[in-house]
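>>> Next one to model:
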Amino acid sequence: MLLSLLRSGWGCRAGALVAARLKRLQSAGLALRSAMATYRTEERGQPPSPGYRLFFQNEAGHYISPFHDIPLKVDSTQNLFNMVVEVPRWTNAKMEIATQEPLNPIKQDVKGGKLRYVTNVFPYKGYIWNYGALPQTWEDPHQKDKSTDCCGDDDPIDVCEIGSKVLSRGDVIRVKILGILALIDQGETDWKLIAINVNDPEASKFNDIDDVKKYKPGYLEATLNWLRFYKVPEGKPENQFAFNGEFKNKAFALEVIKSAHECWKALLMKKCDGGAINCTNVQVRDSPFQCTPEEARALVQSVPSSGNKESNGEDQVWHFLGK
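Numbering: from 1, shown residues only. Presented below is the predicted three-dimensional model:
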């Protein structure tokens, strides 16, 4: 019957309609799979130790870079973004995407031969949000930001996720962007996005920065204070901010993200000086830094899977800053 229909004029039109419908369904299916993409992590070594690394895998089990291979946006129709969680709320270990290492695993920052921890500045215990970064963004250290008059800090854009759930290191979550704060760190622009997990029970109430002021009173002030003072116990001066510490709204934040994504694209296509940034990736089409899944696996397997754990008591020390 189908064959006879296709031989008729109506059948041709019906066939075209079916084909168009199938194409739309396939396109929607691809978008859905993209939005629902899941990622796994694999530890090499044990925290806390300088040799600890947390690598990422995609749905197919291929090792990937969380910096370069995880898409920035969940889909092209909504302003929902992927966030890579580096530091769970209330913890102190300064974990970060290793931007200078192949496949950019998460590791603990080391300074002066010692593992780094953020201090507890009363009344705050560790990080007061789930802290992480937006993939496929880069704050170019050679490009001066027109709004802050300072160059970027050579990292992906940082995210402070303010939802109610304590997340895990290596989680890849979907977030709504609410606003942004411009921290100036040693003369460099270090943007801090304010966002909320779309799966948070109260996510529907939060759509812009004023909603944070309304539904979580005091949280933005605490964020400003935390970022201002967290390095003071180390003997460093208070951090400074552009715009007198004013949080900019969602529209402003989206423009900052757009600019940082363009900088990242230039980086991955070798159109700018990336310095020590490692651009090895598995999935960025046409990038000269792309490697095969087999090469990525070999890179991960070359990393030692053991390491000596170091004891740490710093996360139990409290600092009280008087004025």
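>>> quick one: the strands in the stretch 201-323 of the chain?
240-241, 318-319 (DSSP state E, counting those that start in this stretch).
>>> hey, where'd the helices end up in the protein?
Counting by DSSP state H, the chain has these helices, from start to end: 2-7, 9-35, 209-215, 219-229, 250-268, 293-301.
>>> Residue 53: which of the strands of the stretch 201-323 of the chain is closest?
strand 318-319 (29.9 Å; Cβ to Cβ). The C-beta positions use only the backbone N, C-alpha and C, and glycine is treated the same way.
>>> For that closest one, which strands pair with it and how are they oriented?
strand 120-121 (parallel) (DSSP bridges).
>>> what's the strand it pairs with in contact with?
92, 126, 226, 229-230, 232-233, 315-319, 321 (Cβ atoms under 8 Å, 6 or more residues apart in numbering).
>>> just to revisit the earlier point, can the strands of the stretch 201-323 of the chain go into JSON lines with extra columns for distance to residue 253 and mean neighbour count?
Below are the strands of the stretch 201-323 of the chain laid out as JSON lines (distance: least, Cβ to Cβ, whole Å; neighbours: other Cβ atoms under 10 Å):
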{"stretch": "strand 240-241", "distance to residue 253": "15", "mean neighbour count": "17"}
{"stretch": "strand 318-319", "distance to residue 253": "31", "mean neighbour count": "13"}
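>>> Can you lay out those strands as CSV showing mean pLDDT and distance to residue 271?
Output for the strands of the stretch 201-323 of the chain, formatted as CSV (pLDDT from 0 to 100; distance: least, Cβ to Cβ, whole Å):
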stretch, mean pLDDT, distance to residue 271
strand 240-241, 97, 31
strand 318-319, 92, 44
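>>> circling back to that earlier point, just the buried ones from the contacts of strand 120-121, in PyMOL syntax?
A single PyMOL command is used to select the members of the contacts of strand 120-121 judged buried by 16 or more other Cβ atoms under 10 Å:
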select buried, resi 92+126+226+229+230+233+315
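>>> which one of the contacts of strand 120-121 is nearest residue 185?
For the contacts of strand 120-121, the nearest to residue 185 is residue 230 (11.2 Å; Cβ to Cβ).
>>> what's near enough to touch the closest one?
Residue 230 sits in contact with 118-119, 121, 239, where contact means Cβ under 8 Å, 6+ apart.
>>> So for it, what pLDDT did the model give?
We have a pLDDT of 95 for residue 230.
>>> how close does it sit to residue 81?
For residue 230, the distance to residue 81 (Cβ to Cβ, to the nearest Å) stands at 25 Å.
>>> ok, back up a step: would TSV of the contacts of residue 230 with pLDDT and neighbour count be doable?
Output for those, formatted as TSV (pLDDT from 0 to 100; neighbours: other Cβ atoms under 10 Å):
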residue	pLDDT	neighbour count
118	96	21
119	94	18
121	95	19
239	95	19
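>>> The longest strand seen in the chain - contacts with which helices or strands?
Secondary structure of the chain per DSSP state E: the longest strand is strand 172-185. Applying 3 or more Cβ pairs under 8 Å, 6 or more residues apart in numbering; DSSP states H and E, one finds that strand 172-185 contacts strand 80-87, strand 158-161, strand 188-197, helix 209-215, helix 219-229, strand 240-241, helix 250-268.
>>> Now with 10 Å, please.
For strand 172-185, the contact count by 3 or more Cβ pairs under 10 Å, 6 or more residues apart in numbering; DSSP states H and E identifies strand 80-87, strand 130-133, strand 158-161, strand 188-197, helix 209-215, helix 219-229, strand 240-241, helix 250-268 as packing neighbours.
>>> which residues sit against the shortest one?
Contacts of strand 240-241 with the rest of the structure, by Cβ atoms under 10 Å, 6 or more residues apart in numbering, involve 148, 181-187, 190, 192, 224, 227-228, 247.
>>> Given that strand, what are its sheet partners and their directions?
Strand pairing (DSSP bridges) places strand 240-241 next to strand 172-185 (antiparallel).
>>> how about the partner strand: buried residues?
172-184.
>>> and those as CSV, adding pLDDT and distance to residue 292?
Compiled in CSV, these are given as follows (pLDDT from 0 to 100; distance: Cβ to Cβ, whole Å):
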residue, pLDDT, distance to residue 292
172, 98, 23
173, 98, 28
174, 97, 29
175, 98, 31
176, 97, 35
177, 98, 34
178, 98, 39
179, 98, 40
180, 98, 37
181, 98, 40
182, 98, 40
183, 98, 39
184, 96, 41
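>>> Noted, bye for now.
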